[in-house]
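# Below is the sequence, then the predicted model.
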Amino acid sequence: MAEAECLSVYDAIRLRRDVRAEFTGEVVDDTTLLRILEAAHRAPSVGNSMPWDFVVVREPATLRRFADHVADKRREFHESLPEDRAETFNPIKIEGIVESGTGIVVTHNQQRGGTHVLGRATVPETGLYSTILAIQNLWLAATAEGVGVGWVSFYDTPFLTELIGVPAGVKPVAWLCVGPVHEFQRVPDLERFGWRSRRPLEAAVHWESFTA
């Protein structure tokens, strides 16, 4: 997408969706992908530790193997639901692993930056928060480029760790399906299919102290 055509950050936030069924089947080109990853890599991080890494997965056999694993986990979740929720869940697609053609596994290394990471001493979770900020940067940059992202969370961490050879001490945080889309849905899937409605802003804002 040409620079002049890029969305404002507010537009990208409003348009951003967790994409599942809208991938075109084309593979995002390397120039665009690296531009998106550059945006992710520019995320703020505690003590400038930059605890993330990005594993790009395009091998069809690996995509299929992960998709099969996720399908098994979806079935397990479906079977755990009461009948009414299972019926609501039925039409909800949870991944676009094969259709997107590109997976980006974002990993987190809590040891990055050494023992004394400035700003992490009393709140160690800030390391993981930094990696999540990189994912948000990636997602918004992709949206501005007209590229869809879908976060897959139906998997066992040891399976994914073995699948892509994540070393000891490093944790996979997200498998992101990344690819061009036909469109971005105007209403998020979980709202469209009746799983859960969006919480209004006024219910989330508290002034001076937390109130029920």
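Received, thanks.

# Which residue lies nearest the spatial centre of the chain?
In the chain, the centroid-proximal residue (CA atoms, centre = their mean) is residue 151; its distance is 3.5 Å.

# If residue 54 is in a bridge, with which residues?
Residues in a beta bridge with residue 54, per DSSP bridges, are residue 106.

# In contact with it: list those residues for me.
For residue 54, the contacting residues are 37, 40-41, 104-107, by CB atoms under 8 Å, 6 or more residues apart in numbering. The C-beta positions use only the backbone N, C-alpha and C, and glycine is treated the same way.

# Over to residue 87?
By CB under 8 Å, 6+ apart, the contact set of residue 87 is empty.

# so which helix or strand takes in it?
Using DSSP states H and E, residue 87 falls within helix 83-89.

# So, low pLDDT: which residues of the chain?
Scanning the chain for pLDDT under 70 picks out the ranges 1-6, 212.

# quick one, longest helix in the protein?
When the chain is parsed with DSSP state H, its longest helix is helix 60-80.

# Just the CA trace of it, in PDB.
In PDB, the C-alpha atoms belonging to helix 60-80 read as follows (Å, rounded to 0.1, in the frame of the first residue of the first chain):
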ATOM      1  CA  PRO A  60       2.900 -26.100   3.700                       C
ATOM      2  CA  ALA A  61       3.500 -29.300   5.600                       C
ATOM      3  CA  THR A  62       4.200 -27.400   8.800                       C
ATOM      4  CA  LEU A  63       1.100 -25.200   8.300                       C
ATOM      5  CA  ARG A  64      -1.000 -28.300   7.800                       C
ATOM      6  CA  ARG A  65       0.400 -30.100  10.800                       C
ATOM      7  CA  PHE A  66      -0.300 -27.200  13.000                       C
ATOM      8  CA  ALA A  67      -3.800 -26.700  11.500                       C
ATOM      9  CA  ASP A  68      -4.600 -30.400  12.300                       C
ATOM     10  CA  HIS A  69      -3.400 -30.000  15.900                       C
ATOM     11  CA  VAL A  70      -5.600 -26.800  16.300                       C
ATOM     12  CA  ALA A  71      -8.600 -28.600  14.800                       C
ATOM     13  CA  ASP A  72      -8.200 -31.300  17.500                       C
ATOM     14  CA  LYS A  73      -8.100 -28.700  20.200                       C
ATOM     15  CA  ARG A  74     -11.200 -27.000  18.800                       C
ATOM     16  CA  ARG A  75     -13.100 -30.300  19.000                       C
ATOM     17  CA  GLU A  76     -12.000 -30.700  22.600                       C
ATOM     18  CA  PHE A  77     -13.200 -27.200  23.500                       C
ATOM     19  CA  HIS A  78     -16.500 -27.800  21.600                       C
ATOM     20  CA  GLU A  79     -17.100 -31.000  23.600                       C
ATOM     21  CA  SER A  80     -16.600 -29.200  26.900                       C
END
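
# Could you list every helix and strand in contact with it?
If you count contacts as 3 or more CB pairs under 8 Å, 6 or more residues apart in numbering; DSSP states H and E, helix 60-80 packs onto helix 83-89, helix 97-100, strand 103-109, helix 157-164.

# Recalculate using a threshold of 7 Å.
helix 97-100, helix 157-164 (3 or more CB pairs under 7 Å, 6 or more residues apart in numbering; DSSP states H and E).
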